[in-house]
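**Student:** Need a 3D model of the sequence below.
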Amino acid sequence: MAIIRVYADTSVFGGVFDEEFETPSRAFFDQVRNGRFHLVTSALIQEEIDPAPLQVKEFFNQILPMVEVVEVSEETLSLRDAYLEAGIVSSQWSEDALHVALATVSGCSLIVSWNFKHIVHFEKIPLYNAVNVVKGYSNVGIFSPLEVIQT
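**Tutor:** Sure, this is the predicted structure:
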């Protein structure tokens, strides 16, 4: 079975230390360590982790050697702007759209997030993918970690 390229946003790293999300978040990262997922992260996540609590930063730094880090590029900014122009999220939430763009442009099959308002949302997922298709990209599956882990 092929290893699945998956982009985990900042909420999943923080979820490791959140009572509500801890168990599935830890299970997800265990499955990254065991080779089920090829984890992709980004310079944006590194920026968002910087002001996080020390335990989140330390955990991120432990995972970092196992991940592929993608940079914000003109291509990702252009796709983010297309999401904003389509009204999927407002400019106030442009970093959430940028996470989706980073995952899409870097060829991830999945995005995992605990952001149910702007990313893992039943009305927004088909809109992100509609823009992806119009712009020549593949669809990307968008789920919570709970939905992708093997139990």
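
**Student:** can you count the residues close to Asn61?
**Tutor:** Around Asn61 there are 11 other residues, counting by other CB atoms under 10 Å. C-beta coordinates here come from the backbone N, C-alpha and C atoms, glycine included.

**Student:** Val70 versus that one, what's the distance?
**Tutor:** The gap separating Asn61 from Val70 is 18 Å, by CB to CB, to the nearest Å.

**Student:** how about low-confidence regions in the chain?
**Tutor:** Applying pLDDT under 70 to the chain picks out residues 1.

**Student:** Tell me how far Leu98 lies from Glu19.
**Tutor:** Here Leu98 is placed at a distance of 28 Å from Glu19 (CB to CB).

**Student:** neighbour-wise, which of the two wins?
**Tutor:** More neighbours surround Leu98 than the other of Leu98 and Glu19, with 21 against 7 (other CB under 10 Å).

**Student:** counting contacts, what elements does whichever strand or helix holds the more buried one pack onto?
**Tutor:** Using DSSP states H and E, Leu98 sits within helix 94-105. Applying 3 or more CB pairs under 8 Å, 6 or more residues apart in numbering; DSSP states H and E, we find helix 94-105 packed against strand 4-8, strand 37-42, helix 43-49, helix 74-85, strand 110-112, helix 125-134.

**Student:** In a markdown table: those, plus distance to Pro24.
**Tutor:** Below are the helices and strands packed on helix 94-105 laid out as a markdown table (distance: least, CB to CB, whole Å):
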| stretch | distance to Pro24 |
| --- | --- |
| strand 4-8 | 12 |
| strand 37-42 | 13 |
| helix 43-49 | 18 |
| helix 74-85 | 26 |
| strand 110-112 | 9 |
| helix 125-134 | 19 |
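
**Student:** Distance to Ala103 and mean neighbour count added to those, as CSV?
**Tutor:** Converted to CSV, the helices and strands packed on helix 94-105 look like this (distance: least, CB to CB, whole Å; neighbours: other CB atoms under 10 Å):
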stretch, distance to Ala103, mean neighbour count
strand 4-8, 3, 23
strand 37-42, 7, 22
helix 43-49, 11, 17
helix 74-85, 9, 17
strand 110-112, 5, 24
helix 125-134, 10, 17
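
**Student:** List the buried residues of stretch 50-68.
**Tutor:** By 16 or more other CB atoms under 10 Å, the buried positions in stretch 50-68 come out as Ala52, Val56, Phe59, Phe60, Ile63, Val67.

**Student:** and which of those is nearest to Arg5?
**Tutor:** Of all the buried residues of stretch 50-68, Arg5 sits closest to Val67, with 11.0 Å by CB to CB.
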